[in-house]
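Colleague: Here is the input, now give the coordinates:
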Amino acid sequence: MVFFNVLSYILVLLGAVNWGMFGIFDFNLVSAIFMGPRSVGAIIVYCLIAAAAVWLIISPFLTNGMLKLQGNREARTVKES
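Modeller: Model prediction:
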């Protein structure tokens, strides 16, 4: 689940940067990479970004309010001599 959370954050940030560039500079990065806004590659990327956003919305509900970005780490105690 940690992998999906981190991947979702990366995809949502990519989508946010794309929207920011589109709003400020009227430049769509995803459609520039895939040679058109309705090309197969662009549609796949847009769908992945949308799925990542939905995952980040529902994931805290599935894990009792926690969105984990790191694996389980055990607390280490220092033994006194």
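
Colleague: burial count for the nearest residue to W55 once chain neighbours are set aside?
Modeller: Spatial nearest neighbour of W55, excluding adjacent residues (Cβ to Cβ, 6 or more residues apart in numbering): S8 at 4.8 Å. Placement of C-beta: from N, CA and C, glycine included. For S8, the neighbour count with other Cβ atoms under 10 Å is 21.

Colleague: Please apply the same query to L14.
Modeller: 16.

Colleague: what's the closest non-adjacent residue to it?
Modeller: Nearest to L14 is I49, by Cβ to Cβ, 6+ apart, at 6.5 Å.

Colleague: For the residue nearest to W55, give its distance to A53.
Modeller: 8 Å (Cβ to Cβ, to the nearest Å).

Colleague: likewise A16?
Modeller: 10 Å.

Colleague: just L62 next, same as before
Modeller: 15 Å.

Colleague: Who has more neighbours out of these two?
Modeller: A53 (14 against 11).

Colleague: surely the more buried one meets G15?
Modeller: Yes. Here A53 reaches G15: they are 7.2 Å apart, a contact under Cβ atoms under 8 Å.

Colleague: tell me the contacts of F3?
Modeller: By Cβ atoms under 8 Å, 6 or more residues apart in numbering, no residues touch F3.

Colleague: roughly how far out does whichever strand or helix holds it sit from the chain middle?
Modeller: Here F3, judged by DSSP states H and E, is contained in helix 2-25. Distance of helix 2-25 from the chain centroid (Cα atoms, centre = their mean, to the nearest Å) equals 6 Å.
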